[in-house]
Structures are given as structure tokens and as C-alpha cells.
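Trainee: Would you be able to build a 3D model of this:
(3 chains)
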Amino acid sequence: MKAAIVVFPGINRDRDMAIALEKCSGRTPRMVWHKETDLEGVDLVVIPGGFSYGDYLRCGAMAAQSPVMGAIRAHAARGGHILGVCNGFQILTEAGLLPGALLRNANLRFLSMDCHLRVERADTDFTSRYQTGAVFRSPMAHGDGNYFADDATLERLEGENHVAFRYVTLTGEPTASANRNGSARNIAGIYSANLRILGLMPHPEDLVDPLMGGTDGKPLFDGISAALSDTLAA
Amino acid sequence: MMKAVVTVMLKTGVLDPQGKAIGQALHGLGFGNVGEVRMGKVIEFELAEADPAKAKAQAEDMARKLLANTVIEGFKVEII
Amino acid sequence: MAKDVNQALAREFGLSADEYARVLDIMGRTPSLTELGIFSVMWSEHCSYKSSRVWLKTLPTTAPWVIHGPGENAGVVDIGEGLAAIFKMESHNHPSFIEPYQGAATGVGGILRDVFTMGARPIANLNALRFGDPKLPRTKRIVDGVVRGIGGYGNCVGVPTVGGEINFHPAYNGNPLVNAMTVGIAARDKIFLSAAAGIGNPVVYVGSKTGRDGIHGATMASAEFGKDSEEKRPTVQVGDPFTEKLLIEACLELMATDAIVAIQDMGAAGLTSSSVEMAGKGGVGIELDLDAVPQRETHMTAYEMMLSESQERMLIVVKPERREMAQAIFEKWDLDFAVIGHLTDTGRIVVKHNGTVEADIPLDPLAEQAPLYHRPIAETPKRPSLGPVVDTAGLGAALETLIACPDLASRSWVWDQYDSTVGGQTVKRPGASDAAIVKLEGRARALALTTDCTPRYVLADPEAGGAQAVAEAWRNITATGARPLAITDNMNFANPEKPEIMGQFAAAIRGMAAACVALDFPVVSGNVSLYNETEGRPILPTPAIGGLGVLEDAAQAVGVALTPGLDLVLVGSTAGWLGQSLWLREIAGREDGPPPPVDLAAERFNGDFVRGQILQGHVRACHDCSDGGLLVAIAEMTMAGTAGARLLPGPAGVAPHAFWFGEDQGRYILAVPDAAAVLQAAAFAGVPAIRLGESNAGDLTLPDGTTMSVAALRSANERFFRAWMDEPGQA
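Mentor: Now for the predicted structure:
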């Protein structure tokens, strides 16, 4: 798998993501500056977390207008895979590549803690190393992770099974208390219609090493690496 | 040279926790007659443009493309 | 603009009559307004350390692993594998009282710059915070703003906030303390210093534009500068963490080349102190052309530009042949880059603006004739010993009260707002271990980091309290298995012109120095913040210590979380010292008696033993005994983990409440699979150790039979911050 990590000014989890991808895929990802416009030959485009443009105006709003976004749209149009984490998820919604928007956390505070995520489907290129309904732990760290979409969009996401992860309790219940940021229907991550674009708020890339407290996030990167290596070989 | 003032507000129906918090704080200060509070932002800029209609159209275009996220926000443009 | 420079104005600028006479003597004429401004900031307490310097010089600052001690932007120590750790702590107390969010945020921004200006990538932030009485609405507003500010800045720049401490005391009502610490990593042979060199070399300004932020408040309060004084009032400095992040990346990119001769951040007194210090240290002159300074506001005067404290700016001396390359790097990151002057051989700082020379000062006398005071000191009288104190509460009730009190309540409400995992190297997050553990990317090696001070001890006995602050930092690092290397200190005291305050300062330094020597734990950087008092009410003397240690293998780090099926062993001896303890304050209602003495030899002996046991793999969890004593420490271990514990009665000679809540120093609780082996090793080493009980999968059972569920303890421990901050209607 050839992965590229897009770096916008203010992105700060680019190194975390590079470490996770390298650990799981065995290949060093290419770091792509936001002014570059060529993503030729890339299997997976990753937009990592951070504070692109300081989160000024709206999280992700200015990054969504960057030169590299043209190449990312073209990659999406080709059916390419894209992973957006945290600020990356916000950028994907601002760019219209995923539906909805991320609002200020319901309690108006930055939330930095572990959360538990339920895998809503395990038949995608991203989640094949999990079981459907499995619960895994992930750090999260954001001020604007409160997923919002209008009712029609939410119904469509649910109906077409495009919800990727939900905030749940340790035992898998999508309760209000497990939903710290106030997201609609406890949604922590969603897919595009072709299941090749995944956006999520938490940071599985920060939990791929037992030293850091666990490897709950590793199957996500193992899964996508395996899926895209197959593509390449085929 | 004209000045454009773009006001961006969350659409009705979108939860506005900041507005809610401000409302609670105002009630706490004794302003019991305060109803629903909504918080938005105001973006001001100068435009090298002589025709107010053109200036307005341009500012609206900017609002749609960048200043507002029309999934969640509405906007209003004033040219002064 | 025409303001007469005279002694009265000098006084408004904070210069005494003697100091102004010295200015006249150096200049041989009446200085210009800009010159007076430069003298006043360079000779201010903050820049010149005029009251504290004589004492600071007595601190031990060397060790084989110290690369740069005090005097540089931050301290530098060798951590092995060709790497150096660069770290410092600095205060932003007054700005945080005026505007808590921006004050704390810019405090974080400033200390980050001190560290990356030396070539280090910042890998961790910590802080040491002191607030007033939680019952005051103002305290709540300040805590909320400071926590948001630290998070707002640190989270955005992407440096994890991994540790810190918080105390409450009414003495901080009008004067909170916000001390921020940054730790960075650089190659040990690639450290950047601030001494300028190379006559004719260009002086480059990079970063944000200059505005009228934070210009010397004292001058502005009474001076009328022009028609609209409203517009020229000093303004709160506003932090821009996004620009800081770009500045970090751009500076590190430039530092990977050979373009830089010298570099210095523009901190307090911005352009003045950075240019004077760079030229002064290099023994060269400097000429600045202020017309070239990137400006955010119009019609700024030379005085305003030289004294502005606008944030996120750096001054760099570059090799002339690398100038274009350097410029390209900063332009890539959308940062201002302007050549604003050059180095000269005149030994003077010359400042030009609009074709006029606004300042022309000889640098040597500016530095060498800076005031230095041996201020009178009055020693703090020793407190009489406490005498017997009767227990009226019992162990269980006292424990529940203590773990719920503001000074011991869980800080998770605070940590949950700081990004502690960004970077992906945080092995032990806040609360998981006595010192935070941050691994070095791509290596097994890790740093152990902590901040410590017990101000009530320092007030009662500044010398013992100073020693205790250093010892506790050493102990917290030791309790993780790491080897303590060095400290940074942030000396927060009240008005040094009062002999009793200066006496506190001198005695605290004496205690710190003794501990530094005994523990091989030198001071490599620091900051002094004086005049911390409001309406004549001084803060508690607070020499906050930031400690750094190294662990060769991060996997060896132990935390505090208790698991079932282990023996609990106490290392260190317990006399049951209740003077200045939290039990005495919270249960008996007295802030009284002398603080626990620190036996530095025992401290070292016990700590070296504990570290050895950890590194030999005999220890599953370890926690030092500090605020609240033994029982609070055990409760903290159960709350952090997944276990309860059953405790044995303490030794017969010590009253139970004194044994379980006394704050005797130099003690650790070890959770081990095999107590007998550890006790035997301790006996062999001559270290006092006893078995306290064992952990289990159930409740916490006290020696008097009281049983408390860990869930109930946790809920009592979590209550304070969440009720105070998140429930409406609280003060």
C-alpha cells in the first residue's frame, strides 16, 4: 500500500499517523505538502488530525480550499481510498466529500480522553480486521467533534449502513454518557457512499503500541494496509 | 472602496451550545426576560469595488465558498 | 510625543533615582524616550534578576551530564544516544490574573519558544498552577480561563500536556500562579545559542507582526503620549498558537541547515531584550532599522516597537550567503521574514526609525552596570513543634474528606481538556504515574517529567520547604524507575524589598541547593517572579520545581495503578509527622507546626533502592507518599487501578492517624508480587521497609476494619472539580 499523508499548515498528528501506517503497512508514507497537486500512484490518502489554519473561521474550512484538495477530489473520483481523522474528518465534510458537519462539543470544552467505539460493519476495506459489533478503545482529542447532519441525511446514512463507528460504553451500548461530544446518534465516524472514504473523530493511530497503553487501533491500519496491498497485487 | 459585513449564523434547528450557555449566564445575572440566544460571527472586509451590487454579489459568493458552511450556517451580507 | 525625559518619568518607568543617575552617567546626556525604555526593561527585575541574582548564583548548576546550565534560553542536559533534553519553566502570573485565557496561553507560547529557539522539537508541556480560595467566584473564572488557555494553546501547537500540579490557597486570591514548562529534544551536537557573531551579518526578524501588545504597563498608566491615549493603552497580549506551530516547523527546518549564527526568541521586552542579549553575549554591536520591522498597526513609534511584547516572534542572525534560502523557508510557512539590521563592531545598540537615531547605547555598561541588590533579609522564625494532636475523625472519615478536598481531588476535569497523547509517544498520561513518561520517537528511551512544590511547607520553613520541593521532584521521577537528571526552577515570591520575603527567598534557595547537591540534581534553567502580592497580601512562597529524568527503556516505567494479588510494601521510615499536613488542615482545622524535615541522605538512599527494585523488574506499581500521607497514597493507587486492598495495623509506637496521614518524607509504596524478597533486599541495603498489606479484587479495608468501596472513593475524589465547574449554580 502506498499511503500519502497530507500536511496542511497547523496539522499536528501527521507524525503519529506516519508511525502507525509504517508500523502496520511496513512502508513509509509519503508526506504531501498542501500546495502539492499530484497524488498519482497513491492508494490511500490520509488527512491527519491537528488544527489546520488554527481552526480559525471553522475547523477545516480553509484547508478544504487548499490546492491539494483538487488532487484529493480527483483521487476520490477515481474510487481511491481516503482516511480523514479528527481535523481530517472535519476537512472532508467541509470539502463535501462526506456529509454533515462537526460542531462545537456539546459541553463547550475540549475533550481529551479515551472513548469506546463500536464497529458498525466489518465488511469494508477499513474494518475487515474487526468484527461487526466489536468495541474498541481509542483516544480522542477535539473541541469540535459533535457530528451534525439534517434528519434526511442521518436517515440515509443509517439506511445505507454508512455509519462506521459509534461512541458506546465498554459493553457496546450507545448511551448519552458515552457520547461525550453530543454527536447525532452517537456517530463517531462515517463512510462515503462507495465505502472508500472514512472520516472519524477519535485517534486510533495513537493506540497501536502496547507501550502507549494498547493496540486497539491497530486492526484499522492492518486492515486497510492488507486490503490495498491486495489491490496492488491483483 | 467599499466595506462588506458578512454575518454568519447557525441555521435554526442546529443546536447552538454557545448560545445556550450565554442564555444561561444572562439568566444567572438576573436578565430573566432573555429568550433563545443564538451566537454567530461577523466578518468585515474592504473590497476594491465601486458598484454596490457587484460588491454584494461577490461577498455572497465568498460566503458560500468559504465564510459560511451552508450545511449548518446561513449568512447575510451588508455593503456599507 | 514630546515627553520630557527626567527623573520623574524614570520613576514611572520603574527606575529608582540611583538607577536613573547611573543611566545619565552611562549616557553622558539625557537619554531619549526610547533609550529610557530600553534601560528600564533591561534593568527590570524580570530581565536583570537584580534582587535574586546574588542568591541564584549559589545554586549548583553542573554535573557531567549538564551541557548548558542557566544563562541560555533553557537548560540542556545529555540524555544519551547523542541526544539532549532542553527544558525550562517560566511564570506568566500577572497576565493570567488580568486575562486568564490569554495570560495562560501566551505563557505556554513563550516557554515553547525558549525551548525550540535552541534547536529542540518540543515533546512535552507541563505546568504548575496555584489558585485562590475555590469559594470565590473569581477563582472559578480564573481556573476556567487558565485551563482553557493552556489547552487552547498547547493542543493547537500539537505538544502534549502531560503533567502538572494545582494547589488552592487564599493567599493566591489576588495573585494566581501560572508556571509553564516545556521539554524538547535535539541532537546534542546541534544546539543553537543566542550569542551573535560576524560583523555585518544580517539580523532577521521572523514570525508575527509587531503591534502595541503589552507595552510596559507602568509607563502607559500615567504618561500621555498623544491625542488618543485610548488607542495606545497597553493591551493584553493575545496568543496565536497556529502561527507558533508554523514558527516551530519553519525554525526547525532552518535549523537543519547551516544558515543560523545565533537565534533568540522575543519574549518579555521583545525586540529590546532579544537584540541587546544577542549582541551583548556575542560581544558585538547591533544596528536596527525599525522601518523594516513588520508592523500590525500604523504610526508605531520606536519606543513602542522596541518594547512591544507581541507574541510568536524570533530574532535570527543568519549567514549572509544563506539569507535567500532562509527567506524561502519562512515564506513557505507564510511567516514574515525581514532583515531589520546588522551586526556592527561598535559595541553599541543603535536604533533608527524614519531616518532618525532613536537610541544609541553602549552595550557593555548596559549589561555590566545593571543594578544588583543585596537586599536585607529577615529569617523566618522556626515554628514551635505541634505537640500531641488527638484524632477525632477516625481513619475512614478522614480519608473520605481528604480525597475530596480541593488540594487532593482528582484533576481529571483539568487533564481531560489537555491533549496528552498528540505525538503518539505518551507512555504514562497525567495521573497514571508519579512523573509523566514520554518516549523518544523511534527509540526505547523515555523521559520522566514532573512539577512539584508544597508552598505551605515553604511558608512554615522556607529552607526545609525548598529542599522538599527538589526532593519531591526527584522522588516522583524515581518512583517511575527513571534516573533523575536535572531541574528547572520557577521562584514565585512576593515583594523582595520586604526583608521577611527576601529571607524566604534566601532560605528556600539554601534548602534547594542542599537538596540539589545531595541528590545530584542540578538546576539548569529557571525563572524568578517577584512582587506577587495584592494589596499588601503576599502569596505563599512558591519555588516550583520542574524535574527531568531519563529511562533507558520506556517499557520499564511503572505507574501508580494497583492490580489485585500484590503485596504492598512501604519503603522509608514513618514518625507520623502531622505538622503542616493536609490532615491537620482539613480534619483538625489548623495550618500549624513545622513541616516534615527532609533527611537528604535517607531520601537518596531510599530512592536509589526503589529505583533499583523497579529496574530489576520486582515492582508492579509505585507511588510516593506526599500530600495526605500514606493512606491517601494507597487510596490513589486503588482509584487509578482495578483493585482494592486490605491494610495491616501500623507499628505500635505511632498513633494510627499520625501513621496513616503523617507526611514524613522520603517514602514510597511499592506493589510487588513478593514482599519477602523486597523486604530482604531492603534489610540487606539498610533501607527501612515494612509490609502494609495486600491488594485484592474487592474494597479498601482499613486496619480498623472500615471498608470502603473503590467506586465510592473514586466518586468522592471526582466530585470537587465537576461539581464546581460543570454544575450550574455553584459559586
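Trainee: C-alpha only now, for contacts and for neighbours.
Mentor: Fine.
Trainee: Can you classify the nearest residue to C:Phe242 once chain neighbours are set aside by secondary structure?
Mentor: Once flanking residues are discounted, C:Phe242 sits nearest to A:Gly54: 4.6 Å by CA to CA, 6 or more residues apart in numbering or on different chains. The assignment at A:Gly54 comes out as helix when based on DSSP: H, G, I helix; E, B strand; the rest coil.
Trainee: where does A:Gly54 land on pLDDT?
Mentor: On the pLDDT scale, A:Gly54 is placed at 93.
Trainee: cool, C:Gly14 as well?
Mentor: Note on C:Gly14: pLDDT of 89.
Trainee: circling back: my read: the residue nearest to C:Phe242 touches C:Asn155, true?
Mentor: No: taking CA atoms under 8 Å as the definition, A:Gly54 is not a contact partner of C:Asn155, at 10.3 Å.
Trainee: give the contact list for the residue of the stretch 251-400 of chain C found nearest chain B.
Mentor: The minimum distance from the stretch 251-400 of chain C to chain B, using CA to the nearest CA, falls at C:Arg296 (16.0 Å). C:Arg296 makes contacts with C:209-211, as judged by CA atoms under 8 Å, 6 or more residues apart in numbering or on different chains.
Trainee: any idea which element the residue of chain A found nearest chain B lies in?
Mentor: The nearest approach of chain A to chain B comes at A:Ala106, 5.9 Å away (CA to the nearest CA). Assigned by DSSP states H and E, A:Ala106 belongs to no helix or strand.
Trainee: Let's see the pLDDT reported for it.
Mentor: The model reports A:Ala106 with a pLDDT of 94.
Trainee: That one: how many residues sit nearby?
Mentor: Neighbour count for A:Ala106, taken as other CA atoms under 10 Å in any protein chain shown: 20.
Trainee: Just the element for C:Gln580, please.
Mentor: Using DSSP H and E, no helix or strand contains C:Gln580.
Trainee: If you could redo that for C:Arg141, that was the one I meant.
Mentor: Going by DSSP H and E, C:Arg141 is in helix C:137-157.
Trainee: And that helix, what's buried?
Mentor: Judged by neighbour count (16 or more other CA atoms under 10 Å in any protein chain shown), helix C:137-157 contains these buried residues: C:138-143, C:145-157.
Trainee: rewinding a little: how close does the residue of chain A closest to chain B sit to C:Pro649?
Mentor: Look at A:Ala106 and C:Pro649: by CA to CA, to the nearest Å, they are 48 Å apart.
Trainee: And for C:Gly164?
Mentor: C:Gly164 sits 33 Å away from C:Pro649, going by CA to CA.
Trainee: Of those two, which one has the most company?
Mentor: C:Gly164 (24 against 14).
Trainee: And the pLDDT at the residue lying closest to the more buried one once chain neighbours are set aside?
Mentor: Using CA to CA, 6+ apart and skipping residues adjacent in sequence, the residue nearest C:Gly164 is C:Asn127, 4.5 Å away. You'll see C:Asn127 listed with a pLDDT of 98.
Trainee: give me every residue that touches C:Asn127.
Mentor: For C:Asn127, the contacting residues are C:163-165, C:178-181, C:451, by CA under 8 Å, 6+ apart.
Trainee: PyMOL command to pick out the buried ones of the residues you listed?
Mentor: In PyMOL, this line selects whichever of the contacts of C:Asn127 come out buried by 16+ other CA under 10 Å:
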select buried, chain C and resi 163+164+165+178+179+180+181+451
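Trainee: Could you point out which of the contacts of C:Asn127 is nearest to B:Ala25?
Mentor: Relative to B:Ala25, the closest of the contacts of C:Asn127 is C:Val178; by CA to CA it sits at 26.6 Å.
Trainee: Is the residue of chain A closest to chain B in contact with B:Pro17, as I believe?
Mentor: Yes: under the criterion of CA under 8 Å, A:Ala106 makes contact with B:Pro17 at 5.9 Å.
Trainee: follow-up on the earlier one: look up how far B:His27 lies from the residue of chain A closest to chain B.
Mentor: To B:His27, A:Ala106 is 19 Å away according to CA to CA.
Trainee: For chain B, which residue gets nearest to chain C?
Mentor: B:Gly28 (8.1 Å).
Trainee: what about that residue, how many residues close to it?
Mentor: Neighbour count of B:Gly28, defined by other CA under 10 Å: 12.
Trainee: From B:Ile22, how far off is it?
Mentor: 10 Å.
Trainee: Next one: the one residue sitting closest to the centre of chain C from C:Asn492, what distance?
Mentor: Centroid check for chain C by CA atoms, centre = their mean gives C:Met89 as the closest residue, at 3.4 Å. Separation of C:Met89 from C:Asn492 (CA to CA) stands at 12 Å.
Trainee: Buried residues in whichever helix in chain A runs longest, which are they?
Mentor: Counting residues, the longest helix found in chain A (DSSP state H) is helix A:218-233. Buried residues in helix A:218-233, counted by 16+ other CA under 10 Å: A:218-228.
Trainee: Can you tell me which of those lies closest to chain C?
Mentor: Distances from chain C to the buried residues of helix A:218-233, taken by CA to the nearest CA, are shortest for A:Lys218, at 13.1 Å.
Trainee: Report pLDDT for the closest residue to that closest one other than its chain neighbours.
Mentor: In this structure, A:Lys218 finds its nearest non-sequential neighbour in A:Val208, 4.7 Å apart by CA to CA, 6+ apart. Note for A:Val208: predicted pLDDT of 96.
Trainee: List the contacts of A:Val208.
Mentor: Residues in contact with A:Val208, defined by CA under 8 Å, 6+ apart, are A:20, A:214-218.
Trainee: Point to the helix or strand of chain C where mean pLDDT is at its lowest.
Mentor: Least confident helix or strand, chain C: helix C:217-222 with a mean of 40, by mean pLDDT, DSSP states H and E.
Trainee: Could you report the neighbour count for the residue in the stretch 501-650 of chain C positioned nearest to chain B?
Mentor: In the stretch 501-650 of chain C, no residue comes nearer to chain B than C:Thr534, which is 27.4 Å away by CA to the nearest CA. Each residue near C:Thr534 was counted by other CA under 10 Å, and the total is 15.
Trainee: tell me the SS of the nearest residue to it once chain neighbours are set aside?
Mentor: The spatial neighbour of C:Thr534 that comes closest, neighbours along the chain excluded (CA to CA, 6+ apart), is C:Gly174 at 5.6 Å. Here C:Gly174 is coil, with the state taken from three-state DSSP.
Trainee: thought C:Gly174 was touching C:Leu136?
Mentor: No: counting by CA under 8 Å, C:Gly174 does not reach C:Leu136; the two are 10.7 Å apart.
Trainee: So between those two, which is more surrounded?
Mentor: Taking neighbours as other CA under 10 Å, C:Gly174 and C:Leu136 compare with C:Gly174 leading, 21 against 12.
Trainee: and the spatially closest residue to A:Leu57 that is not a sequence neighbour, how many neighbours?
Mentor: Leaving aside its sequence neighbours, A:Leu57 sits nearest to B:Leu67 (CA to CA, 6+ apart; 7.2 Å). Here the number of neighbours of B:Leu67 (other CA under 10 Å) works out to 24.
Trainee: And B:Leu67, its phi and psi?
Mentor: Backbone torsions of B:Leu67, given as degrees, to the nearest 10, read phi -70, psi -30.
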